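Coordinates for the following, if possible.
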Amino acid sequence: VIGSKWVYKVKRNSDGTISRYKARLVAQGFSQKEGLDYSETFSLVVRHTTVRIILALAAQFNWHLRQLDVKNAFLHGDLEEEVCMKQPQGFVDPTYPNHVCRLVKSLYSLKQAPRVWNSKFTSFLPALGFQTALSDSSLFVKVDDGDVILLLLYVDDIILTGSSSCKLQSVITNLAEVFELKDMGRLTYFLGLQIH
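Residues are numbered from 1 along each chain as shown. Here you go, the predicted structure:
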């Protein structure tokens, strides 16, 4: 049985004023045992060369570049292993104080959290008409009536570009129906690259 911990953070605006208070329950994944609580942890991310090529294509063809962020991405992942966690502080059932929680969904700090999130997201994309590119497994391509839509995935950050801005918006709408997204609008900064 693994433990958990509450992590508190104060989010601030650019001028230093408080934007909101944030609390997140995280698992104590350091106590997980390989082969028992998890088997695979590796999660794919897009290559930097792929990002640069897609940015060059967007510049060449004057395509819009959109950036999305999936809110609480790791909480979407479905666990395959049986993982049990002590009842969280402040939420202990007084009738059954020695009972544990069986996790069905992933929590932050679980060893397999990045992998199960990636699996959940990438298994949904074919329903929207996307196929995984042969050159990079974190690049997804959709061809629709002669229009091309490209999606890059880096953990919970998404870049979308393509030949039709209407179809880009349609993809964003479809993704937002399943995952809670933050549409960050035009791409300006990604993985240390400033885009103008």
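
Which residue, other than its chain neighbours, is closest to Ile158?
Sequence neighbours aside, Leu68 is the residue nearest to Ile158 in space, at 4.1 Å (criterion: CB to CB, 6 or more residues apart in numbering). From N, CA and C alone the C-beta is placed, and that goes for glycine too.

Please apply the same query to His196.
Thr188 (7.9 Å).

How about the contacts made by that neighbour?
67, 194-196 (CB atoms under 8 Å, 6 or more residues apart in numbering).

measure it to Glu80 for me?
Thr188 sits 37 Å away from Glu80 when distances are taken as CB to CB, to the nearest Å.

Same question for Gly185.
From Gly185 to Glu80 the distance is 36 Å (CB to CB).

Likewise for Lys182?
For Lys182, the distance to Glu80 - CB to CB - is 28 Å.

One more: Asp145?
Distance of Asp145 to Glu80, computed by CB to CB: 38 Å.

Tell me which of these two has more neighbours.
Glu80 (13 against 6; other CB atoms under 10 Å).

How about that one: what's its closest non-neighbour residue?
The nearest residue in space to Glu80 (CB to CB, 6+ apart) is Val116, at 7.4 Å.

re earlier: since we're on the residue nearest to Ile158, how many residues are nearby?
22.

Same question for Pro94.
5.

For my notes, confirm it occurs in a helix.
No: checked against DSSP: H, G, I helix; E, B strand; the rest coil, Pro94 lies outside a helix; its state is coil.

Grab the most central residue of the chain for me.
Asp156 (2.7 Å; CA atoms, centre = their mean).

List the residues that contact the nearest residue to it once chain neighbours are set aside.
Leaving aside its sequence neighbours, Asp156 sits nearest to Ala73 (CB to CB, 6+ apart; 3.5 Å). Neighbouring residues of Ala73 by CB under 8 Å, 6+ apart: 117, 121, 155-156, 179.

got it, and Ser119?
Gly77.

Mind checking what secondary structure it has?
helix.

any idea how far Leu151 is from it?
16 Å.

do the same with Ala27
Taking CB to CB, one finds Ala27 at 29 Å from Leu151.

try Ser163
14 Å.

Comparing these two, which residue is more hemmed in?
Leu151 (25 against 19).

residue ranges for the helices of the chain, please.
48-61, 113-124, 165-178 (DSSP state H).

I'm done for today, thanks for sticking with me.
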